[in-house]
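>>> got a predicted structure here, sequence first:
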Amino acid sequence: MTEPQPAWSDEGGAARTRALFEAAFGEAPDGVWAAPGRVNLIGEHVDYNGGLCLPIALPHRTFVALRRREDDVVRLVSALAPQNVWTGTLENVAPGRVSSWVAYAGGPAWALGEDGFALGGFDAAIDSCVPLGAGLSSSAAIECAVGAALDEVFGLGLLAAGDAGRARLAAACVRAENDVAGAPTGGMDQAASLRCTAGSALLLDTVDASVTQVPFDLAAAGLELLVIDTRAEHALVDGQYAARRATCHAAAEALGVGTLREVTDLDAALAALDDDVARRRVRHVVTEIARVVEFTDLVRAGRVRDVGPLLDASHESLRADYEVSCAELDVAVAAARDAGALGARMTGGGFGGSAIALIEAASAGAVAEAVANAFADHGWAEPGFLIAVAGPAAARVA
Ligand code: GLA
């Protein structure tokens, strides 16, 4: 099935999530909210190094139907296991007490409480068309959908305050992921899910979490962005991500800088490090940040057709220097390029997950088929596909 997976509409997503809520809890929710997954165009593994990233929000979103309670009970249900309602209290959705999707769904309540907001209990039902475990931020989408819902039903006023409020909610969702779910991720995903705008990529500067909207209209250039979900296993809570992060922080310390963003002379920095692994990690981070700047400049100059070599260079750097690619990602990227993609790279954390390929409009079918054939030749399960168009951030949908 090389057909791209469609995204749910507001109405379709809201109806199924509302039905899930009503079946689980026997009453109607206060409303339904949705938050998108993301693909990062470029700027990978730099968000915990003070770097720049350039994600877009996917049209594929996670929906949450939620109802405020007047006690401190929290009940959560997922469409993946509709019979299993998780029941606890606000005290339970805290670090060390919950894991997996319950941490993503309940964690924002704990984090907002830590931020000084007064929240009560709630019932929530979650359903999603963001492919799970595909490196497309399905976990951040849960956090941000629940965060947006809690903001409104408890009158926190964050979404109403515009981007500054959204940034504060994103920070709470990052704490939910870092502290409650225990995944030491960097914050790009929550920023994308809460702060993107339709039709633009989000240039995120992780030094101060400031953002700039960069109009990103592939259709006008006769192009499309194909997302290839390798369906290879991908887990951020494992040690690899944390190890990359630790190596970068140790290298920054050895170089006497706060973050690797401050490295201005790459050759001098490489010469000053005595460990080959650290050198390669630093080279990836510093060159990747430079590629984000070049990519953004090209897009702003109306030259999005010329970004292909930057995508390819990013992939090579992630594969050889940062060592977060895998065979499935490398094959997906190579097959897409052979089938005519202008450029391709892995996106997200890596070790599985998804790749993106910049392709001519209307060539998605042919490129997808070429990738699927390459996977079949290797005896791998069929990959999934979707078309990424820059969508809107988290919002109420019903
Ligand atoms: C994951 C993390 C992000 C980011 C990317 C790599 O998606 O959640 O914070 O570090 O990996 O760019």
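Yes, it's here.
>>> what's around T89, how many residues?
Neighbourhood size, T89 [other C-beta atoms under 10 Å]: 13. From N, CA and C alone the C-beta is placed, and that goes for glycine too.
>>> check contacts around the closest residue to it other than its chain neighbours.
The shortest distance from T89 to any non-neighbouring residue, by C-beta to C-beta, 6 or more residues apart in numbering, is to D72 (4.9 Å). Contacts of D72 were listed using C-beta atoms under 8 Å, 6 or more residues apart in numbering, and they are T89, L90, E91, G120, G121.
>>> make a ChimeraX selection of whichever of the residues you listed turn out to be buried.
Selection of buried members from the contacts of D72 for ChimeraX, criterion 16 or more other C-beta atoms under 10 Å:
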select :90,120,121
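>>> list the contacts of L218.
E224, L225, V304, L358, A361, V389.
>>> as a markdown table, the residues you listed with pLDDT, neighbour count and distance to P59 would be great.
What follows is these, written out as a markdown table (pLDDT from 0 to 100; neighbours: other C-beta atoms under 10 Å; distance: C-beta to C-beta, whole Å):
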| residue | pLDDT | neighbour count | distance to P59 |
| --- | --- | --- | --- |
| E224 | 98 | 20 | 13 |
| L225 | 98 | 21 | 11 |
| V304 | 98 | 21 | 19 |
| L358 | 98 | 25 | 17 |
| A361 | 96 | 12 | 16 |
| V389 | 98 | 18 | 6 |
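>>> which of those sits closest to A278?
A278 has its nearest neighbour among these in L358, at 31.7 Å by C-beta to C-beta.
>>> domain ranges for this structure?
For the chain, automatic domain parsing gives the domain ranges 10-215+391-396, 219-387.
>>> which among these is found nearest to E3?
E3 sits nearest to domain 219-387 of all the domains of the chain, at 7.3 Å, using C-beta to C-beta.
>>> is that closest one up against the ligand anywhere?
Yes - using C-beta under 6 Å from any ligand atom, we find that domain 219-387 touches the ligand at G348, G349.
>>> count of neighbours near the nearest residue in space to D151 that is not next to it in sequence?
Nearest residue to D151, sequence neighbours excluded (C-beta to C-beta, 6+ apart): L158, at 4.6 Å. Neighbour count for L158, taken as other C-beta under 10 Å: 23.
>>> what do you get for D338?
D338: 13 neighbours (other C-beta under 10 Å).
>>> I figured it hits A370, correct?
Yes - in terms of C-beta atoms under 8 Å, D338 counts as a neighbour of A370; the distance is 6.6 Å.
>>> quickly list what's touching both of those two.
Contacts common to D338 and A370, judged by C-beta under 8 Å, 6+ apart, are absent.
>>> once you drop chain neighbours, what's closest to E3?
Nearest to E3 is F385, by C-beta to C-beta, 6+ apart, at 7.3 Å.
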